[in-house]
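Visitor: pasted the sequence and its predicted model underneath.
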Amino acid sequence: MAGKSVVDINCDMGESYGVYRLGQDQELLRYVSSVSIACGFHAGDPSVMRETIALARAAKVSIGAHPGYPDLMGFGRRLMQLSPTEVFDAIVYQVGAFLGVAKSLGVAGTHVKAHGALYNLAVSDVVVAQAVAQAVRAVDDQLILVGLANSRLIEAGLAQGLKVSREAFVDRRYQADGSLVPRSHPHALYHSFGEARDQVKEILTTGFVTAITGEKVPVVADTFCVHGEGPHALEFARGMVALVAEQNITLSGLKRL
């Protein structure tokens, strides 16, 4: 297949909390085109949210909500037994808070990307995926729903009439079914862009990724995620910008309908 002509680089941000600082948000804003900002459940707080949105506005970067499980101690990466209604309510609550803070700063939110264990569950769980998509639509049907390429979440977003953005990951390896290798696996993560470069280039230019077990898996991505809290986030972000330019691909942030 033909390679991409336009792509977004997104980064999770605003994950500090109170006096505790996490990530290199201000530096990363020089390289990314969209950011997904924590809404206080898995990380972040109202002041951090406001500060991060203001930084993104100054950098002219698209902003979105990054809602997760109510699990500050586990950074939202532990699976929780929430009913579909509880998932719906949690998303509505967090996205609503985010949009309120954004409006107070004169900025329009562009997208919603679930975080951590909730994101991963919505990849394969139809009921959870539907709850997330329905919540986004209920709050603002002009928002873009970001989800793993080929996932149930993308399907649910399309079924709700939402614009979707199919996501690939710069620093994660893939399984044969197109899902991410679990973080518990010793080879789940790439630790440098040099390691990840061939995988990212393959996705960009062919629409396929080589799974950890060797299979070629179709992955057509509109946006690529760099995890902002990682120790090598700046290296990954710089590497992505250089690779996109090398491939003559235009870098563009997510845009509302």
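Guide: Done, it's in.
Visitor: need the contact list for residue 75.
Guide: When contacts are counted by Cβ atoms under 8 Å, 6 or more residues apart in numbering, residue 75 touches 15, 42-43, 116. Glycine gets a C-beta too; all of them are placed from N, C-alpha and C.
Visitor: and stretch 106-118, what's buried?
Guide: Within stretch 106-118, the residues scored as buried using 16 or more other Cβ atoms under 10 Å are 107, 109-118.
Visitor: I meant to write stretch 234-244 there.
Guide: For stretch 234-244, burial by neighbour count (16+ other Cβ under 10 Å) applies to 234-241, 243-244.
Visitor: equivalent analysis for stretch 209-216, please.
Guide: If you call a residue buried by 16+ other Cβ under 10 Å, then stretch 209-216 has these buried ones: 209, 211.
Visitor: in the protein, where is pLDDT below threshold?
Guide: When residues are selected by pLDDT under 70, those of the chain lie in 1-2, 257.
Visitor: please enumerate the helices of this structure.
Guide: Along the chain, the segments classed as helices by DSSP state H run 25-28, 46-58, 84-104, 116-124, 126-139, 152-159, 193-206, 233-246.
Visitor: for the residue nearest the centre of the chain, which non-adjacent residue is closest in space?
Guide: The geometric centre of the chain, computed from its C-alpha atoms, lies nearest to residue 113 (Cα atoms, centre = their mean), at 5.1 Å. Nearest residue to residue 113 in three dimensions, chain neighbours excluded: residue 146, at 3.8 Å (Cβ to Cβ, 6 or more residues apart in numbering).
Visitor: distance of that neighbour relative to residue 20?
Guide: Relative to residue 20, residue 146 is positioned 26 Å away (Cβ to Cβ, to the nearest Å).
Visitor: higher neighbour count, those two?
Guide: residue 146 (30 against 10; other Cβ atoms under 10 Å).
Visitor: can you pull the contacts of that one?
Guide: The neighbourhood of residue 146, defined by Cβ under 8 Å, 6+ apart, consists of 10, 36, 64, 111-113, 164-165, 167, 223, 254.
Visitor: so which pair among these is furthest apart in space?
Guide: Farthest pair in the contacts of residue 146 (Cβ to Cβ) is 36 and 164. Separation: 14.4 Å.
Visitor: and these two? Which one has more around it.
Guide: Residue environment comparison for residue 36 versus residue 164 gives the larger neighbour count to residue 36, 29 against 21, counting by other Cβ under 10 Å.
Visitor: can you get me a residue count around residue 245?
Guide: Residues near residue 245, counting by other Cβ under 10 Å, number 11.
Visitor: one more: residue 139?
Guide: 20.
Visitor: likewise for residue 176?
Guide: With other Cβ under 10 Å as criterion, residue 176 counts 12.
Visitor: what's the distance between it and residue 215?
Guide: Between residue 176 and residue 215 the distance is 4 Å, computed by Cβ to Cβ.
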